[in-house]
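Novice: what follows is a protein structure lacking sequence information:
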């Protein structure tokens, strides 16, 4: 009998531990807490183009009255975009982004916090953080800005004697 108890105890303990881990991992979903979702891959943009850094809450959650932050830790000041109650706080924004960033205000009620950066520059390359402080939710978006020359390859046939080929 003692042998059976010893054999069952670790298995039941393992099951209980597995259930506990499962509950911990899913607690936000079970509590109905939205999750902040960003892209799973690096975004690539050409210098001079506009780019949208995707970020949204699932399930949809109205954030129009909340503080929203887009930051890049390698900047000082770090704010790329910050708003409170749908009002952008320009004075907190890094000067290199003044007049170049915006969110889709009409989409905030649907949890869309995507950031549009106009006329991207190579200096805009980096990892951006989308953050909703009251929900304590964050997502990261990595952006790589390629120069126009890097995205427009030129093929050259230099060194080939065109007279040596006959049709």
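Specialist: Good, I have the coordinates. If you're wondering where the values come from, they're calculated on a predicted model, not measured in any experiment. Numbers count the residues shown, from 1 in each chain.

Novice: pLDDT wise, what is the residue lying closest to residue 110 once chain neighbours are set aside at?
Specialist: Among residues not flanking residue 110 along the chain, residue 60 sits closest, at 4.8 Å (CB to CB, 6 or more residues apart in numbering). Glycine gets a C-beta too; all of them are placed from N, C-alpha and C. Residue 60 carries a pLDDT score of 95 in this model.

Novice: now do residue 86
Specialist: At residue 86, the pLDDT value in this model is 83.

Novice: can you name every helix or strand that the longest strand anywhere in the chain contacts?
Specialist: When the chain is parsed with DSSP state E, its longest strand is strand 137-146. Secondary-structure packing of strand 137-146 (3 or more CB pairs under 8 Å, 6 or more residues apart in numbering; DSSP states H and E): strand 35-37, strand 43-46, strand 51-53, strand 126-132.

Novice: strands paired with that strand, and their directions?
Specialist: Strand 137-146 has these partner strands in its sheet, going by DSSP bridges: strand 43-46 (parallel), strand 126-132 (antiparallel).

Novice: identify the residues contacting that strand?
Specialist: Outside strand 137-146, the residues within contact range by CB atoms under 8 Å, 6 or more residues apart in numbering are 34-39, 42-47, 51, 53-55, 57, 117, 120-132.

Novice: I'd like the mean pLDDT over it, please.
Specialist: 97.

Novice: for the helices and strands packed on strand 137-146, give me CSV that also has mean pLDDT, distance to residue 108 and mean neighbour count.
Specialist: CSV is the format used below for these (pLDDT from 0 to 100; distance: least, CB to CB, whole Å; neighbours: other CB atoms under 10 Å):
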stretch, mean pLDDT, distance to residue 108, mean neighbour count
strand 35-37, 96, 13, 17
strand 43-46, 97, 21, 16
strand 51-53, 98, 15, 19
strand 126-132, 98, 11, 20
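
Novice: quick one: the strands in the chain, in order.
Specialist: For the chain, the strands defined by DSSP E occupy 35-37, 43-46, 51-53, 56-58, 67-71, 79-84, 87-88, 101-103, 115-117, 126-132, 137-146.

Novice: circling back to that earlier point, ok, the residue nearest to residue 110 - contacts?
Specialist: Residue 60 makes contacts with 34, 110-111, as judged by CB under 8 Å, 6+ apart.

Novice: cool, residue 92 as well?
Specialist: 77, 79, 82.

Novice: touching, residue 103 and residue 68? I think so.
Specialist: Yes - taking contacts as CB atoms under 8 Å, residue 103 lies within contact range of residue 68: 7.0 Å.

Novice: shared neighbours, those two?
Specialist: 81, 83, 113.

Novice: thought residue 69 was touching residue 131?
Specialist: Yes - between residue 69 and residue 131 there is a contact under CB under 8 Å: 4.4 Å.
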